[in-house]
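S.K.: Structure for this input, please:
(2 chains)
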Amino acid sequence: MRPIETRYARSGDVRIAYQVVGQGALDLVFVPGFISNLDLQWEDEGYSRLLKRLSAFSRLILFDKRGTGLSDRVDSHRLPSLETRMDDVRAVMDAAGSGRAALLGASEGSPMAMLFAATYPERIRALVLYGGYAHFHKWVMSPERLETFLETAETSWGTGATLPNFAPGRLDDTHFIQWWARFERLSASPTAAAALACMDAGIDVRSILSSIGAPTLLIHRRNDVRVDPQASRFLARKIQDAHLIEIAGRDHPVWTGDVDRVSDLIEEFLTGQPAVADTERVLAALLATRIYDTAKLGDRMWSERSQRFHETWRLLVGRHGGRVAGTHGELMIARFDGPARAIRCAAALREAAQQIGVASAQGVHVGEIELRGLPAGLTARVTMQLATHAGRGDIIASRLVAELAVGSGLHFVDAGRVSLEELGEPLPVVQATSEQHLEPACRSKAKPVEPAMLTARESEVVSLIADGKSNAAIAAELKLSEHTVKRHVANILLKLDLPSRAAAAAFSARHAGPDGP
Amino acid sequence: MLTKTKAVDGAAIKKAIESRDGKLLSSFYADDALVRVMDRNNPPSKPREIRGRAAISTFWDDICSRAMTHKVDTTIAEGDSLAFTQACAYPDGTKVFCAATLELKNGLIARQTVVQAWDE
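M.R.: Model prediction:
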């Protein structure tokens, strides 16, 4: 596939950069918000996901508005009117050979799209407005808040400092924060950013709303942090053929949050057919990580350490070639191309957790998953159950993971079987142990194993092993399943670093006291 | 009184496509016609299906609104079956090539399958 070509349309004396992607019968012009950069947007996972989804059913025409990204800058002393900026859409459509198109206006792009729809009704097929508004000061920022925003831009533009104004949900994502800072720098200089903000501040298209005749879909996130959802409710009342759908979420940019939900709505509205579920499945190794025994930490300490661990998790997943898939309750889910990478990442996370002052518990499984969204199928559910089952510091993996990782140098010990609700047969599992070469060259003197490391139940089991009883006999005596006993035995051998039941019996004899081992 | 509609033929299709006349093109289809499009995004196991004259009319309106050139070649007709190839070009030089087969019923297009490839 050839790289996406960036071309330049001429709008008066100004050059507007644009790209065309996709092969659909319908032309869709994306009018972006505050700042944009045609090259950089493809580097963000959410952004490129959105563009790929839209270009799967349309010929998608993208551009950077004048003043941002790859397009010419504007004279900050003579800011162009919204009409002039709107005409850039026409110039881009002409250059791309588009006579009639659907327009997707996002955020600040929506007033421009509305003005275009009212001015050139014959060139509009349909209108989609995401997080849109008709009056800047009423629904985005009061003049006072704008002043504060401009001051922040003046002093810290290019550092990602504006992110809390747009996507507070991504503030714990260091990778995204760095991307956002680059996004600021490559989209505008501080002067250009201030010019754009001032241009946007003048937006008031309330008077033209009744002239819009194109079928219009309005999408707004219910807790949008940047644009008040009332803005879209107002548009729904004033645009004659408009339909508003409010969706969950608070992050404002259209390429953040649940991008698939937004894409589904747009596709169904423009094609008249529900989006065909993207059932692309890939073989992947999933790693589910949780912080073990959270109750022992106070709320404040928990919050601080949890945040640090989340940041470290994102970093280490990326460093091990994985992708952060998302979180499910307290579980952090990451996806890897191969099981060895997942296990190595899990080992690094275990170590990192110790340094942070928390303990990890992790599960790894391998299987087919759907590429779209947070893994939710059987493979994901098994992985999550393994993580829930794992004890302090454990990395529990399905035996399949160990079999696939043969030759990787990783070490596993049998950890019995785990009964999972959805699987008919208990799943054979293994415990990943530290790799030899990852351990320090000079090992600190091994701590003598203390019987206290064993749980009360494990102590009972070890006593019965010392009596020479079989697993079946122990199970009968303790009223447990044989499978559970096997799991206890495996844990005991692992914790005490012993090779056999006989060694465990000998250990029990050595440590037997009035209260048992 | 029954009026006999002239059956759609290769020459009529060529004229309508090359002049980007979406309305004329739409009039060639039966009310319940089906157009299936296969391309990179719509593989043979999941082609894009456009059902009914209204949807097909929107489809051709979208295509014909583009400032591009179309050239229809190699029209083959046999009974109620028609086939043609079509070479298209966008103003930026991007080329598209399509091959289409059509089944006619009562002189109108009942079913059309389009396979297309784009410069990329």
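S.K.: Can you tell me the SS state at residue 20?
M.R.: Here I'm looking at chain A. Under the three-state scheme (DSSP: H, G, I helix; E, B strand; the rest coil), A:V20 adopts strand.
S.K.: ah, I was thinking of chain B
M.R.: Per three-state DSSP, the local secondary structure of B:R20 is coil.
S.K.: Tell me which stretches of chain B form strands.
M.R.: For chain B, the strands defined by DSSP state E cover B:29-38, B:48-51, B:69-78, B:81-89, B:95-105, B:108-118.
S.K.: Of those, give the one that comes closest to chain A.
M.R.: Proximity to chain A (CB to the nearest CB) singles out strand B:108-118 among those, at 4.8 Å. Any C-beta I mention is one placed from the backbone N, CA and C, and that applies to glycine too.
S.K.: and chain A, which residues reach chain B?
M.R.: A:1-2, A:5, A:7, A:20, A:22-27, A:56-57, A:94-101, A:125, A:272, A:276 (CB under 8 Å from any CB of the partner chain).
S.K.: Okay, and which of these map to strands?
M.R.: Among the residues of chain A next to chain B, the residues falling in strands (DSSP E) are A:R7, A:V20, A:L26, A:D27, A:A101, A:R125.
S.K.: Throw the residues you listed into a markdown table and include distance to A:G257 and pLDDT, thanks.
M.R.: Below are these laid out as a markdown table (distance: CB to CB, whole Å; pLDDT from 0 to 100):
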| residue | distance to A:G257 | pLDDT |
| --- | --- | --- |
| A:R7 | 30 | 94 |
| A:V20 | 26 | 95 |
| A:L26 | 25 | 94 |
| A:D27 | 26 | 96 |
| A:A101 | 25 | 97 |
| A:R125 | 26 | 95 |
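S.K.: which of those are buried?
M.R.: Neighbour counting by 16 or more other CB atoms under 10 Å in any protein chain shown classes A:V20, A:L26, A:D27, A:A101, A:R125 among these as buried.
S.K.: that older thread, now tabulate the strands of chain B in a markdown table and tack on distance to chain A, mean pLDDT and mean neighbour count.
M.R.: Converted to a markdown table, the strands of chain B look like this (distance: least, CB to the nearest CB, whole Å; pLDDT from 0 to 100; neighbours: other CB atoms under 10 Å in any protein chain shown):
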| stretch | distance to chain A | mean pLDDT | mean neighbour count |
| --- | --- | --- | --- |
| strand B:29-38 | 8 | 96 | 18 |
| strand B:48-51 | 8 | 92 | 18 |
| strand B:69-78 | 10 | 91 | 13 |
| strand B:81-89 | 9 | 95 | 17 |
| strand B:95-105 | 8 | 95 | 17 |
| strand B:108-118 | 5 | 96 | 18 |
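S.K.: packing partners for the helix or strand of chain A at the bottom of the mean pLDDT ranking?
M.R.: Every helix and strand of chain A was ranked by mean pLDDT, DSSP states H and E. The lowest is helix A:501-511, at a mean of 75. Helices and strands touching helix A:501-511, as assessed by 3 or more CB pairs under 8 Å, 6 or more residues apart in numbering or on different chains; DSSP states H and E, comprise helix A:456-466, helix A:482-496.
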